[in-house]
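Chemist: Okay, sequence plus prediction incoming.
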Amino acid sequence: MPYIEVQGVLHELDSDGYLVDAAAWTLDVAQAIATQESITLTPEHYEVLDVLRQFYQVYEHSPAMRPLCKAVSLALGPDKGKSIYLMQLFPGSPAKRAARIAGLPRPDNCL
Amino acid sequence: MPTLHTLNRGPSHASCLEECLSTMANDDTLLLIEDGVYWALPSHISVLNDVSHIRALKADVLARGLHQLSGTELVDDDGFVGLCTQHDRVVSWF
Amino acid sequence: MSINKRFLLISRSAPYGTSAAREMLDIALTCSVFEQPVTLLLLGDAVLQLIRDHRPDEVSQKNLNALQASLAMYDIDRILIPETALQKHGLSTDQLSIPIELINAEQLPALIAEHDIVITI
Amino acid sequence: MIFTLIVQASPYQHQAPETALRFAKALLRQGHTLHRIFFYRDGVHNGSALVSSPRDEQNLPEQWQALAEEHDLDIVVCIAAAIRRGVLDATEAKRYERRGDNLHSAFELSGLGQLVEASLASDRVITFGG
């Protein structure tokens, strides 16, 4: 099992790089995971992570891209709910990458 | 555009047949397979009075020793495939 | 994916006793991810899936109400229930966890006919 | 015509997979195309290489494998349904740190997207459930 070290504490990651203990998530853990992915978190990242974590709380699963866009659009406005915007923040596969940084399980219904 | 319905539950699962029948149009076909073939017994067949096209899968009828199903047309596996091609879609009830 | 086919998913089972309800919703969400229009039809005992205030932690399962609530986020808003199925279980629409569309039993054959792919669970 | 089959029941306990196998053979015999067989729910047990039948009874996973090899078929086991039921290939066994894998080599573990994609590519989708 891979680990990530945050302020001297080791946090377990699964083999896909997702945090095993969701309760261990903090903003520092988020930044540490993001650093591994060469992303420096900005306030724009944090507000999306927040939407994602709320989505998980309400719907009990990590969203695929389409519902992620919809949730971001509802919470932060239609401009930020566009996939191109989320691709800029979380390049590659935004739903998976953002879920990883948000400390959520891997989305099941991703392409 | 007619639909082929397959049904594989026997008479102790009446709701399965009931729900199947509730979705059937007049020109649809009902194919009884596996335990569904028991609906073709003389003692049960009357519940299918409103179904105009009924078939039963031959292998399942023979396997279960139902040699007295005079009223129901039997199809073999090739016939099952043929029914699928002759209908626009297939709905399975189980 | 460019070709669109109209998917109808038919559920006939109550929740939690079997995995059918959950595994139907998983197909529905996947159809949405592939941008295919999908209709859900809940027949018979399947209307019991929509009773509110599930507490499935009591039986160590995940909450289907939460998954049902997410359907709107996946743009799945055509969830159909025959009036007879509600009556059979003594339920009314205001007791259900999400908005649904009631249909007449007589409309069911036409509903089947308007879909290209029908998957039952 | 192009067919896709969905198998939702496990072998032995239920007849449905055997019906599906006969159906698959019949449609291939008639010259139709079988785009994919998708094993979902308890149907994932059709992919288990550990199924061991007495010599005078049929072994469905082996029959699926033989049919797939003969006709170069795409036989896919739903990954989400399979891992929950203990049907794993080597990759998933490693991912979940299990001591062995048991998916028959002719089968492939993949997502529900394979079911949707197959439905779009086929003229008929037939479910065999139990």
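Modeler: Cool, got the structure.
Chemist: secondary structure element for residue C:108?
Modeler: Under DSSP states H and E, the secondary-structure element containing residue C:108 is helix C:108-113.
Chemist: What is that helix packed up against?
Modeler: Using 3 or more Cβ pairs under 8 Å, 6 or more residues apart in numbering or on different chains; DSSP states H and E as the contact criterion, the secondary-structure elements in contact with helix C:108-113 are strand C:38-42. Just so you know, the C-beta spots here come from the backbone N, C-alpha and C atoms, and that holds for glycine as well.
Chemist: Which secondary structure elements does the strand it packs on sit against?
Modeler: Of the remaining helices and strands, those touching strand C:38-42 by 3+ Cβ pairs under 8 Å, 6+ apart are strand C:7-11, helix C:20-33, strand C:79-82, helix C:108-113.
Chemist: Now the third one: average pLDDT?
Modeler: Right, the one you point to is strand C:79-82. Averaged across strand C:79-82, pLDDT comes to 98.
Chemist: before we move on, what about stretch C:27-41?
Modeler: Over the span of stretch C:27-41, the pLDDT mean works out to 96.
Chemist: buried ones in that stretch?
Modeler: Of the residues in stretch C:27-41, those buried by neighbour count under the rule 16 or more other Cβ atoms under 10 Å in any protein chain shown are C:27-34, C:36-41.
Chemist: which residues touch residue B:3?
Modeler: Contact criterion Cβ atoms under 8 Å, 6 or more residues apart in numbering or on different chains gives B:24, B:25, B:28, B:29, B:87, B:88, B:89, B:90, B:91, C:112, C:113, C:118 as the residues in contact with residue B:3.
Chemist: Who is it paired with across the strands?
Modeler: With DSSP bridges applied, residue B:3 shows beta-bridge pairing to residue B:89.
Chemist: did I read that right, residue A:4 in a strand?
Modeler: Yes. With DSSP: H, G, I helix; E, B strand; the rest coil as the criterion, residue A:4 is part of a strand.
Chemist: Residue nearest the middle of chain D, spatially speaking?
Modeler: Here the mean C-alpha position of chain D is nearest to the C-alpha of residue D:39 (Cα atoms, centre = their mean), at a distance of 4.3 Å.
Chemist: If I follow the layout properly, that residue ends up in contact with residue D:79?
Modeler: No. Distance between residue D:39 and residue D:79: 10.6 Å, which falls outside the contact criterion (Cβ atoms under 8 Å).
Chemist: Leaving out the residues flanking it, which one is nearest to the most centrally placed residue in chain C?
Modeler: Residue closest to the mean C-alpha point of chain C, counted by Cα atoms, centre = their mean, is residue C:40 at 4.3 Å. Ranked by Cβ to Cβ, 6 or more residues apart in numbering or on different chains and with sequence neighbours excluded, the top spatial neighbour of residue C:40 is residue C:79, at 4.7 Å.
Chemist: how close does that neighbour sit to residue B:5?
Modeler: Remark: distance between residue C:79 and residue B:5 (Cβ to Cβ, to the nearest Å) = 22 Å.
Chemist: out of those two, which sits in the more crowded spot?
Modeler: residue B:5 (28 against 21; other Cβ atoms under 10 Å in any protein chain shown).
Chemist: Would you mark the buried spots in the lowest-mean-pLDDT helix or strand in chain A?
Modeler: Evaluated with mean pLDDT, DSSP states H and E, the helix-and-strand set of chain A has its lowest mean pLDDT in strand A:3-6, which scores a mean of 92. Neighbour-count burial for strand A:3-6 flags A:4, A:6 (criterion: 16+ other Cβ under 10 Å).
Chemist: Mind listing residues that contact whichever helix or strand comes after that strand?
Modeler: Note on strand A:3-6: by DSSP H and E, the next helix or strand toward the C-terminus is strand A:9-12. Around strand A:9-12, the neighbours that count as contacts under Cβ under 8 Å, 6+ apart are A:1, A:2, A:3, A:4, A:5, A:19, A:20, A:21, A:24, A:29.
Chemist: Lowest-confidence member of those, which is it?
Modeler: When the contacts of strand A:9-12 are compared on pLDDT, residue A:1 comes out lowest, with 69.
Chemist: give me the low-pLDDT residue ranges for chain C?
Modeler: By pLDDT under 70, the low-scoring segments of chain C are C:1-2.
Chemist: interface residues of it facing chain A?
Modeler: C:26, C:29-30, C:32-35, C:62-63, C:66-67, C:69-70, C:73-75 (Cβ under 8 Å from any Cβ of the partner chain).
Chemist: Do a quick rundown of the strands in chain B.
Modeler: Counting by DSSP state E, chain B has strands at residues B:3-7, B:29-32, B:53-57, B:73-75, B:89-93.
Chemist: closest to residue A:75 out of those strands?
Modeler: Residue A:75 lies closest, by Cβ to Cβ, to one member of these: strand B:89-93, at 39.8 Å.
Chemist: For the closest one, name the packing helices and strands.
Modeler: With contacts taken as 3+ Cβ pairs under 8 Å, 6+ apart, strand B:89-93 sits against strand B:3-7, helix B:14-22, strand C:117-120, strand D:124-128.
Chemist: If we use 10 Å, what do you get?
Modeler: Applying 3 or more Cβ pairs under 10 Å, 6 or more residues apart in numbering or on different chains; DSSP states H and E, we find strand B:89-93 packed against strand B:3-7, helix B:14-22, strand B:29-32, helix B:77-86, strand C:7-11, helix C:108-113, strand C:117-120, strand D:124-128.
Chemist: how about these in a markdown table, adding distance to residue D:59?
Modeler: A markdown table is the format used below for the helices and strands packed on strand B:89-93 (distance: least, Cβ to Cβ, whole Å):
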| stretch | distance to residue D:59 |
| --- | --- |
| strand B:3-7 | 25 |
| helix B:14-22 | 29 |
| strand B:29-32 | 27 |
| helix B:77-86 | 20 |
| strand C:7-11 | 32 |
| helix C:108-113 | 37 |
| strand C:117-120 | 28 |
| strand D:124-128 | 18 |
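Chemist: which helix in chain A runs the most residues?
Modeler: The single longest helix within chain A, with elements called by DSSP state H, is helix A:43-59.
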